[in-house]
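> just coords:
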């Protein structure tokens, strides 16, 4: 059901206010959760961050335990913003009626809570009562929901926004406002303090949820998509609010902290890496053996471990076969990835191959063939939203792919919710309005720079993002971001499989230093730091891989902007390479004249960026 039952929650929570006479606290005490009147208040360093209501089928009304259980777990990720993660929380249990209880965890960087159906209890209904209050006037960056999560995160101060896509006709109030919103949702409830709302740990039997404000434009209800009723022993996904300053949000690993540990006994075969990708320059290039070979050769020239054969490889031209393309890649030392249609979303009129993965026996046979042919991974596209059917199907795909040592990249799919920890063969997910859209509509050209400067604070916080970055030439529609801006995206945007989208000749035309940079581009990070930024305006981030640091920044505006920052602690200021825009880059046409590449004696702590420009410093 879409509507929140606030009367039930109000009655219930009025009885439990005494439970929070002393607030629940995070380990460092900076984050607190307190019952106040008929709702919970989340505070960071004494500042009100978010008001919420809670309950599942039956309101939760028992006092919270004031002596928390300590949660402590260190774990390692094979890809992501941070290799070694530390998980520390105070956990409280709130007993409810009808067999329900709510488990609440307060971390230093956020709140996570979920509902559990205990013992032999059964649930007759399937209604979540969680709701967040986002008042009019609150600055927010929220994406209007669509099943592929490919929309912008525009800055707004209201819940009254007109629908912007074809799905809007389904999710629109009588007054014409959009009523359904996707994760994550970034809020700035107090100047300089932020809260990011999402969810984590989707398990078999779950649907994913989204936010609805159809009853009240200030009340955003958590509404799970279509699924079966809960059974005994059932537990919901974690509802997650990452909280603090922008650096706390960007650097947080809370989504994987609350997700189930890795289920694979052997992960030695899982290798993140950079990929050459056909589709952006050649929409139907994967049915042409000559074009595929161009991208295999590009991978060889740039020392990339992977190349992707996209859609329609089962309809190869001129009597050739995909087996020839796979053999060519293997012979040249490049690991091929191949594309499949999930055949649950866009099917009629969609590209092939179709219906090869839907049945368990077909999926096992197909993935066994991939393994025999030396295919390293699969890109699976065109899912149909957040329903339990889609979630269970994705889990089936991840488990089957792991049995056959296949990496996975979900496209046309929902956003990450922690599977990258549980099944680390999931190295990337689209769920983003990325560079592919230069193929589709002219809209992206003028909005790309600001959008790119928003994604590190929104979509990429919650997991890997297959944006397909670093395009120096044009696709169907032009781009007006600078060359250094595009290069910076390879560092700013985290993805276990980083697909370089441009055509081979564009990369080969770049200066030697740029080609060398791409040849040595890491995408497994030991450390990630936000140095400066504000959503939609600019961002400067530092990432470390081993002993090598990268500092990257972009200007999301149409004006010249100086980006100032402090270097990470321990970074020596010498021995660096600076990739920046030529001062007249926007007026230059020759590729080599787009760049100002230097080896300064001392690393700069500010860079003048051209409109929609950027920079990278490699130490």
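Structure received. Everything numeric in this text was worked out from a predicted model, so none of it was measured.

> alpha carbons only for contacts and neighbour counts from here, please
Will do.

> helices along the stretch 451-600 of the chain, start to end?
Shown for the stretch 451-600 of the chain, the helices assigned by DSSP state H, counting those that start in this stretch span residues 483-492, 504-508, 512-519.

> can I get these in a markdown table with mean neighbour count, mean pLDDT and distance to residue 545?
Output for the helices of the stretch 451-600 of the chain, formatted as a markdown table (neighbours: other C-alpha atoms under 10 Å; pLDDT from 0 to 100; distance: least, C-alpha to C-alpha, whole Å):
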| stretch | mean neighbour count | mean pLDDT | distance to residue 545 |
| --- | --- | --- | --- |
| helix 483-492 | 26 | 98 | 11 |
| helix 504-508 | 17 | 97 | 23 |
| helix 512-519 | 15 | 98 | 14 |
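
> to residue 616, which of those helices lies closest?
helix 483-492 (5.6 Å; C-alpha to C-alpha).

> can you give me the angle the closest one makes with helix 512-519?
Between helix 483-492 and helix 512-519, the angle comes out at 20 degrees (axes from the mean of the first three to the mean of the last three C-alpha atoms, to 10 degrees).

> from the chain's centroid, how far away is helix 483-492?
With C-alpha atoms, centre = their mean, to the nearest Å as the basis, helix 483-492 stands 18 Å off its chain's centre.

> helices or strands up against that helix?
Packing partners of helix 483-492 (3 or more C-alpha pairs under 8 Å, 6 or more residues apart in numbering; DSSP states H and E): strand 548-555, strand 577-581, strand 614-618.

> may I have the phi/psi pair for the nearest residue to residue 128 once chain neighbours are set aside?
Spatial nearest neighbour of residue 128, excluding adjacent residues (C-alpha to C-alpha, 6 or more residues apart in numbering): residue 56 at 4.5 Å. Note on residue 56: its backbone torsions stand at phi -140, psi 110 [degrees, to the nearest 10].

> tell me if I'm right that residue 56 and residue 98 touch.
No - between residue 56 and residue 98 there is no contact under C-alpha atoms under 8 Å: 10.0 Å.

> comparing those two, which residue is more hemmed in?
residue 56 (25 against 16; other C-alpha atoms under 10 Å).

> just the pLDDT at that one, thanks.
pLDDT, residue 56: 84.

> show me what it is bridged to.
residue 58, residue 128 (DSSP bridges).

> which ones are touching it?
Going by C-alpha atoms under 8 Å, 6 or more residues apart in numbering, residue 56 touches 100, 115, 126, 127, 128, 129, 130.

> just the buried subset of those, written out for ChimeraX, thanks.
Selection command for ChimeraX covering only the buried members of these, criterion 16 or more other C-alpha atoms under 10 Å:
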select :100,115,126,127,128,129,130
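
> pull the most distant pair out of the contacts of residue 56.
For those, the maximum inter-member distance is 13.9 Å, found between 100 and 130 (C-alpha to C-alpha).

> surely residue 137 meets residue 157?
Yes - under the criterion of C-alpha under 8 Å, residue 137 makes contact with residue 157 at 4.6 Å.

> who has more neighbours out of those two?
residue 157 (17 against 12).

> how close does the more buried one sit to residue 198?
Per C-alpha to C-alpha, to the nearest Å, residue 157 is found 19 Å from residue 198.

> now swap in residue 607 and tell me
34 Å.

> the more surrounded of those two?
Neighbours per residue, other C-alpha under 10 Å: of residue 607 and residue 198, the larger number sits with residue 198, 25 against 18.

> what pLDDT is listed against residue 601?
On the pLDDT scale, residue 601 gets 86.

> which ones are touching the residue nearest to it when sequence neighbours are not counted?
Spatial nearest neighbour of residue 601, excluding adjacent residues (C-alpha to C-alpha, 6+ apart): residue 574 at 5.7 Å. Contacts for residue 574 (C-alpha under 8 Å, 6+ apart) come out as 600, 601, 602, 603, 619.

> out of the residues you listed, flag the one nearest to residue 52.
Using C-alpha to C-alpha, the contacts of residue 574 come closest to residue 52 at residue 619, 44.4 Å.

> could you check how many residues crowd around that closest one?
Neighbours of residue 619 under the rule other C-alpha under 10 Å: 18.

> mind giving me CSV with the helices of the stretch 451-600 of the chain and columns for distance to residue 596?
Shown next, in CSV, are the helices of the stretch 451-600 of the chain (distance: least, C-alpha to C-alpha, whole Å):
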stretch, distance to residue 596
helix 483-492, 9
helix 504-508, 17
helix 512-519, 11
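
> having no further points to raise, I will conclude here.
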